[in-house]
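# output the structure for:
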Amino acid sequence: MIDFEKTTLPNGLTLLTHQERNTSLVSVNILYNVGARDENPDRTGFAHLFEHLMFGGSANIPSYDQVADNVGAENNAFTNNDITNYYITLPKQNLETALWLESDRMNLLDFSEKSLSVQKNVVTEEYRQRYINQPYGDLWLLLRPLAYKVHPYRWCTIGKDIAHVQDATLGDVEDFFYRYYRPNNAIVAVAGNIDHAEVQDLVAKWFGDIPHGPANKRCLPAEPEQTEAREQTVRRNVPASVIVKSYKMCNRLSPDYYVFDLISDILSNGKSSRMYNELVKRRRLFTKIDAYITGDIDEGQFVVSGYLADGVSPQAADEAIVEQLQSIATQYVDEYELQKVKNNAEAALLQSQYKCIDRAMRIAYFENLGDAALANTEPQMYARITPYDVQRVAKAAFQPRRCATLYYLKNENN
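Below is the predicted model of the structure:
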């Protein structure tokens, strides 16, 4: 259970505070309600670019990392298709320094041609290393536009085309910043050895005067119902062929989200899972196979990804995966098997809340979904799932017409 207090500043900033006395540390997490899905289709990659720009200096702090290092802080950030998240953990006596650091770059980031040029080069190099010059690096660049045709999930956080970042102007990034990186589009979560009232006063001191921005009212195009199977085949210089099958699933707030999560565990979580035992160990069709959910806020993907053993045809591998999915859809899962994955899910939840920064991230994320208190309901969401729920969800989801299949094959001369 994560206890917290919530307050909202006049400029729209949401503050969540969680008190944990058994630590000498404090964590500050700032979630900006902006991700790749908010980008212009002709200007993609901006949310990820800003993950880098936000560390490039602000009005009063030329080097964020230098100040953070001086006060014993650890910090980082991540961007995905839904959110951008910055976090910092440091000794509790240095909390105000963390708030100063974060408020200064929210208030006035250092917009300069030099800073923009540096970070554009960093992102471009990241694109080359992670997506172009790495085996399987472009897999998701191919899978997303195969699975989505309308919704902005059809591109990765790096963007549809790296030229969008390379061609970005100072005016482009300033417009993006002053639209999305505003107090009314941010959630600050502070967790650790704190006093709620003291933190509220400090946050008001450092963030209260920052002007709010425009209301972030999304009007994203809904992905239409997929009516026929989609396939794409590519060949690459990779050590093993891979087959990836993606099925549409529900959004993050649906109760069925937790059913999909348990289905993925039944299929591939550990060496006692169905796919490992049947397709890797017994039939030796794959050297590795995973089933997982993408965890998107809007309608996401249930993905099965398998590395083919030598000599196995893509068709045989595909049929074997479909057999496993249909087994879930046509037969009730055993109560013992279901309870096992429920126990694993509950244990994973507990482990994911071990550190202060974990708890700060969780309440910020669920507040962004609509209510931070939802962070405390997940154990019950898993516990109430029945074998009927598993079959119902699998039967509706694992239909051929709802699937996008990517055959990512190694070159024949490999």
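
# output the below-cut-off pLDDT ranges for the stretch 301-414 of the chain.
414 (pLDDT under 70).

# can you show me the strands along it?
301-308, 403-410 (DSSP state E, counting those that start in this stretch).

# again, but for the stretch 151-300 of the chain
186-192, 230-236, 242-248, 286-293.

# quick one on the thing from earlier: turn the strands of the stretch 301-414 of the chain into TSV, including distance to Ile263.
For every residue, glycine as well, the C-beta is placed using N, CA and C. As requested, those are exported to TSV (distance: least, C-beta to C-beta, whole Å):
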stretch	distance to Ile263
strand 301-308	7
strand 403-410	15
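
# the residue nearest the centre of the chain and Asp38, how far apart?
Central residue of the chain (C-alpha atoms, centre = their mean): Asn80, 4.9 Å from the mean position. Computed as C-beta to C-beta, to the nearest Å, the Asn80 to Asp38 distance reads 12 Å.

# go on, Trp140?
19 Å.

# how about Asp318?
For Asp318, the distance to Asp38 - C-beta to C-beta - is 35 Å.

# the more surrounded of these two?
Comparing Asp318 with Asp38 by neighbour count (other C-beta atoms under 10 Å), the higher total belongs to Asp38, at 21 against 18.

# surely that one meets Asn185?
No. Between Asp38 and Asn185 there is no contact under C-beta atoms under 8 Å: 9.9 Å.

# mutual contacts of those two, please.
Contact criterion C-beta atoms under 8 Å, 6 or more residues apart in numbering; residues shared by Asp38 and Asn185: Asn216.

# now Pro400, nearest residue through space, not along the chain?
Ala229 (4.9 Å; C-beta to C-beta, 6 or more residues apart in numbering).

# how much space between the one you found and Arg402?
8 Å.

# could you check which of those two has the larger neighbour count?
Arg402 (19 against 13).

# I'd guessed that one sits against Lys248; true?
Yes. Between Arg402 and Lys248 there is a contact at 5.4 Å, judged by C-beta under 8 Å.

# need the overlap of contacts for these two.
Applying C-beta under 8 Å, 6+ apart, one finds that Arg402 and Lys248 are jointly contacted by Gln226.

# now stretch 136-148 - C-alpha only, PDB.
Output of stretch 136-148 as PDB, limited to C-alpha atoms (Å, rounded to 0.1, in the frame of the first residue of the first chain):
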ATOM      1  CA  TYR A 136      17.300  -6.800 -35.000                       C
ATOM      2  CA  GLY A 137      17.500  -3.000 -34.300                       C
ATOM      3  CA  ASP A 138      14.900  -2.100 -36.900                       C
ATOM      4  CA  LEU A 139      12.400  -4.800 -35.900                       C
ATOM      5  CA  TRP A 140      10.100  -2.400 -34.100                       C
ATOM      6  CA  LEU A 141      10.500   0.200 -36.800                       C
ATOM      7  CA  LEU A 142       8.900  -2.400 -39.000                       C
ATOM      8  CA  LEU A 143       6.400  -3.900 -36.600                       C
ATOM      9  CA  ARG A 144       4.700  -0.700 -35.400                       C
ATOM     10  CA  PRO A 145       3.500   0.500 -38.800                       C
ATOM     11  CA  LEU A 146       2.500  -3.000 -39.600                       C
ATOM     12  CA  ALA A 147       0.300  -3.200 -36.500                       C
ATOM     13  CA  TYR A 148      -1.000   0.400 -36.600                       C
END
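
# so Leu16, which state does it fall into?
strand (DSSP: H, G, I helix; E, B strand; the rest coil).

# which residues touch it?
Applying C-beta under 8 Å, 6+ apart, we find Leu16 in contact with Phe4, Glu5, Lys6, Ile187, Val188, Ala189, Val190, Ala360, Ile363, Ala364, Glu367, Ala372.

# of these, just the buried ones, PyMOL syntax please.
Per 16 or more other C-beta atoms under 10 Å, the buried members of the contacts of Leu16 correspond to this PyMOL selection:
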select buried, resi 4+187+188+189+190+360+363+364+367+372
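
# out of the contacts of Leu16, who's nearest Tyr408?
Ala364 (35.3 Å; C-beta to C-beta).

# would you mind measuring from that closest one to Thr124?
Distance from Ala364 to Thr124, by C-beta to C-beta: 30 Å.

# same question, Leu139
For Leu139, the distance to Thr124 equals 20 Å [C-beta to C-beta].

# now do Asn411
From Asn411 to Thr124 the distance is 27 Å (C-beta to C-beta).

# so the two - more neighbours on which side?
Neighbours per residue, other C-beta under 10 Å: of Asn411 and Thr124, the larger number sits with Thr124, 16 against 10.

# next, count neighbours for Arg401.
Neighbours of Arg401 (other C-beta under 10 Å): 10.

# what residues are up against Val242?
Tyr136, Leu139, Ser305, Gly306, Tyr307, Leu308, Leu406, Tyr408, Leu409.

# can you do 10 Å?
Counting by C-beta atoms under 10 Å, 6 or more residues apart in numbering, Val242 touches 135-136, 139, 236, 286, 288-289, 305-308, 314, 317, 406-410.

# drop anything exposed from the residues you listed.
136, 139, 236, 286, 288-289, 305-308, 314, 317, 406-410.

# I'd assumed Leu31 was in contact with Leu15.
No. In this structure, Leu15 is not within contact of Leu31 by C-beta atoms under 10 Å, at 11.8 Å.

# what is in contact with these two at once?
In contact with both Leu15 and Leu31: Ala186, Ile187, Val188, Ala189, Glu367, using C-beta under 10 Å, 6+ apart.

# Thr89 in helix, strand or coil?
Secondary structure, three-state DSSP: Thr89 is strand.

# for it, which non-adjacent residue is spatially closest?
Thr89 sits nearest to Ser27 (C-beta to C-beta, 6+ apart), 4.4 Å away.
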